[in-house]
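Colleague: this one's structure only:
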């Protein structure tokens, strides 16, 4: 029987989502700051996206999905992002704003691919209006 610290020693935390998982299922990433990632995060993201996510969290902090709230629907988040863009248009350079919004999207559990779809399909038309 495995108890207490023995059980904990067989678990690792994902470098992206911070969920605990068994050591044997860990995927070791070559990046210096990420360490290991869980199979779920590895399968959802490309190598390039994994590196991008790791860099974002290294610079800005947090982890994937920390702000995810089932009571806060996606369309509400989009409204908040659009409001943020309109409020800061002309004050903050667009590139800086997009980086901040991307970090916020990661914290809410959006993958880079999902954010890119939002950016292309929904946000693009509002950046310059």
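Modeller: Done, it's in. Being a predicted model, the structure only gives us computed values, none of them experimental.

Colleague: Tell me the helices and strands packed up against whichever strand or helix holds residue 100.
Modeller: With the criterion set as DSSP states H and E, the secondary-structure element containing residue 100 is helix 94-107. With contacts defined as 3 or more Cβ pairs under 8 Å, 6 or more residues apart in numbering; DSSP states H and E, the secondary structure elements packing on helix 94-107 are helix 47-60, helix 74-88, helix 112-118. C-beta: built from backbone N, CA, C; applies to glycine.

Colleague: So which bits of it are buried?
Modeller: If you call a residue buried by 16 or more other Cβ atoms under 10 Å, then helix 94-107 has these buried ones: 97, 98, 101, 102, 103, 104, 105, 106, 107.

Colleague: Residue 58 is in contact with the fifth one, correct?
Modeller: No. When contacts are counted by Cβ atoms under 8 Å, residue 103 is not listed as touching residue 58 (11.2 Å).

Colleague: per-residue pLDDT, the most centrally placed residue in the chain?
Modeller: With distances taken as Cα atoms, centre = their mean, residue 106 lies nearest the centre of the chain, 2.6 Å away. On the pLDDT scale, residue 106 is placed at 91.

Colleague: Same check on residue 50?
Modeller: Predicted confidence (pLDDT) at residue 50: the value is 88.

Colleague: just residue 56 next, same as before
Modeller: Looking at residue 56, its pLDDT stands at 91.

Colleague: How about it: what's its closest non-neighbour residue?
Modeller: Using Cβ to Cβ, 6 or more residues apart in numbering and skipping residues adjacent in sequence, the residue nearest residue 56 is residue 103, 5.3 Å away.

Colleague: again with residue 20
Modeller: In this structure, residue 20 finds its nearest non-sequential neighbour in residue 11, 4.5 Å apart by Cβ to Cβ, 6+ apart.

Colleague: Surely residue 57 touches residue 51?
Modeller: No. Applying Cβ under 8 Å as the test, residue 57 and residue 51 come out as separate, 11.2 Å apart.
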